[in-house]
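Engineer: Here you go, sequence then predicted model.
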Amino acid sequence: MFQHIRRYFTSIFDTESSGRLVFFSPLVGIVAGLGAVLFFFLLMWFQGAVLGGIAGYYPPAAGSEAIEHVPQNPSQWWVVLLVPTIGGLVCGMIVYGLAPEAEGHGTDALVRAFHRLSGRIRGRVPFVKTVASIITIGTGGSAGREGPIAQIGAGFGSFLATKLSLSERDRRLLMLAGAAGGIGAIFRAPLGGALFVSEVLYSSTALETAAVIPCFIASITAYTVFATIYGPGLAFKTTPGLEFGGAEEIPLYLVFAILCAIVGYIYVLVFYCMRDRVFRRLPIPNFVKPAVGGLMLGVLAIWLPHLMSGGYGWIQRAIDGKLTIWIMVVLCFGKIFATSFTISSGGSGGVFAPSLFIGAMLGGAFGMACQQLFPNLITHPEAFILVGMGGFFAGVARVPLTAMLMVCEMSGTYNLLIPLMLVCIINVAVLSSRWSLYEEQVPGLVDSPAHQGDFVVDVLEQMFVRDVMHLDRKVDLIPEDMPLTEILRLASYSNNSYYPVVDQEKQLAGIFSLRDLRAVLTGNGSGPLIVAADIATQPVLTVKAEDDLHTALRRFTQKNVDYLPIVETEAPRHVIGMLSRHDVIGAYHDRVSKMQHHE
């Protein structure tokens, strides 16, 4: 009975490939959700105890967060210097003493583990990353939550796959599923979290489609766990009636998209220049450098405490219209340096929250300026804040789908989806893929070591037509003046399905297939007058012996044909044989089988 049921479900679902991940993804999601709950609780407790209890700094609340203390700025300037400095020192000692790969923003470590480490994450890394990030953010470091929470979920996914002796492919996908669960839960954005880890791997528009279903399942499960304990809620509350104003606003959003790309370029440039040209050149031990970054942040925070920690509350203030244009401009560029001081020095944390902050302040300043210039056109300047959050992050992280959907989920409104799509796509198109916060991204699937040996392009570019062509295979060359009756007689005795047509000098003039012949036979009855030249199609795609098989495959698919004439290099219209699509696929299969056997 059980075997009958198993065979029935196997006939419906592909349980040999994706089925196992469908069953394991909820388990990964549960652990990721519980990890998000624990991380959030510890972070809020530590931040309240240190920034609040010691520094006297209580930032405003955002979204559905409960107001536990009246917002107030730090009480003593020297405490603002001391707390981030000590936090950076403790973080550096923990990270460089236990797991140096936990420094910086953890998403790059996740991307590297997928592409180059077969989905393996050292067991201690998630724990070190969690503690170090709590200390960094809790002492005022300008960093986000997505890096550490991604590594918590990813670490368990990798651990589970290893213990179950799953394949490298499944381990990579479960690792991504765990990261998606953590991000989807802590940001209350299950759809965005699932898409983020599938999209952030590549600097182009490529997507790790195999990971989408496991990531969705894990993200939904993790979000359910988190929402059960903390409630569903929203990251940001927006003004009722906030919506896209129509086509007349499009030119302003186009200008804003270009502005996002310019500031995004500055952000990435400053971020990595601070790391490569400042902190890495400091003649001090690595574990001390986060303390230097913390001190530099503290100097900024004396005048701008808004720059400490994630800054979600100040984004909410901007949405509520309680910040001026000039303070938002200052906070926009101040956050660029604050984040660079914190993370580029070796501090631990993510770059998602700081990127949202920068985009929000940029959008807020631009929106209010537009309202002052065009009061009859712009009635909701806060719309540019939400669009700025998504559009800015889309460019600097190369994740347009994720950015627009996460902002919609975090704000609880899809009314601004049109301008979000516009600004996200334009920003990604304008900002070169070289300018990304995530250095471990690769251009596309074919460039990922994770897919080495899996793609036709990789393999076929190393093989050539001469390796697979069969010159002993009979080719029926049809003179262009051969009448239809003789063509039919020849085709009835031939094993070929494609017929090159040649002129009087035996040079290639066209080609037709049995399908073309059938079309002629069902025509208007003028068959006796038809000759080969009337049936042949032009131009003819050909290959030469020195062409690689990737080139041949492109030409097969370009015309959707199964055979290509092989011509001489020196005489490009002289046919010497025919190459079949079956030859190419067979050669590809043989080469991949050898590669996998060698591994």
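Structural biologist: Nice, I can see it.
Engineer: Got the phi and psi for Gly178?
Structural biologist: phi -60, psi -40 (degrees, to the nearest 10).
Engineer: what residues are up against it?
Structural biologist: Val28, Gly29, Val31, Ala32, Ile152, Gly153, Ala154, Gly155, Phe156, Gly157, Ser158, Ala218 (CB atoms under 8 Å, 6 or more residues apart in numbering). For every residue, glycine as well, the C-beta is placed using N, CA and C.
Engineer: residues touching Gly193, list them.
Structural biologist: Applying CB under 8 Å, 6+ apart, the residues near Gly193 are Ala180, Gly181, Gly182, Ile183, Gly184, Ala185, Phe187, Cys215, Ser219, Ala222, Tyr223, Met406.
Engineer: where's the dip in pLDDT among the contacts of Gly178?
Structural biologist: When these are compared by pLDDT, Ile152 scores lowest at 85.
Engineer: Skipping adjacent residues, who's closest to that residue in space?
Structural biologist: Gly35 (4.0 Å; CB to CB, 6 or more residues apart in numbering).
Engineer: I'd guessed the one you found sits against Gly157; true?
Structural biologist: No: contact criterion CB atoms under 8 Å: Gly35 and Gly157 do not qualify, at 11.1 Å.
Engineer: neighbour-wise, which of these two wins?
Structural biologist: Set Gly35 next to Gly157 and count neighbours by other CB atoms under 10 Å: Gly157 wins out with 35 against 27.
Engineer: before we move on, back to that, most neighbours among the contacts of Gly193, please name it.
Structural biologist: When neighbours are counted by other CB under 10 Å, Gly181 leads the contacts of Gly193 with 44 neighbours.
Engineer: Model confidence for it, exactly?
Structural biologist: pLDDT for Gly181: 94.
Engineer: was I right about it contacting Phe216?
Structural biologist: No: in this structure, Gly181 is not within contact of Phe216 by CB under 8 Å, at 10.0 Å.
Engineer: Count the residues that sit near Gly141.
Structural biologist: When neighbours are defined as other CB under 10 Å, Gly141 has 31 of them.
Engineer: right, I mislabeled it, should have said Ala533
Structural biologist: Around Ala533 sit 17 other residues, with neighbours defined as other CB under 10 Å.
Engineer: Next SSE downstream of the one helix or strand it maps to?
Structural biologist: Ala533 is located in helix 532-535, with elements delineated by DSSP states H and E. Following helix 532-535 in sequence order, the next helix or strand is strand 543-544 (DSSP H and E).
Engineer: Pull up the pairing partners for that next one, direction included.
Structural biologist: When sheet partners are counted by DSSP bridges, strand 543-544 sits next to strand 563-567 (parallel).
Engineer: So what's the model's average confidence on the partner strand?
Structural biologist: Mean pLDDT, computed over strand 563-567, is 92.
Engineer: tell me how far that strand is from the chain's mean position?
Structural biologist: Counting by CA atoms, centre = their mean, to the nearest Å, strand 563-567 is centred 39 Å from the centre of its parent chain.
Engineer: what does that strand rub up against?
Structural biologist: Contacts for strand 563-567 (CB under 8 Å, 6+ apart): 465, 469, 496-498, 500, 508, 511, 513, 540-545, 552, 555-556, 573-581.
Engineer: can I get the CA coordinates of that strand in PDB?
Structural biologist: What follows is strand 563-567, C-alpha atoms only, in PDB (Å, rounded to 0.1, in the frame of the first residue of the first chain):
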ATOM      1  CA  TYR A 563      21.100  20.400 -39.600                       C
ATOM      2  CA  LEU A 564      23.700  22.900 -40.800                       C
ATOM      3  CA  PRO A 565      25.900  22.700 -43.900                       C
ATOM      4  CA  ILE A 566      29.600  22.400 -43.100                       C
ATOM      5  CA  VAL A 567      31.600  24.600 -45.600                       C
END
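Engineer: Sweet, I'm off.
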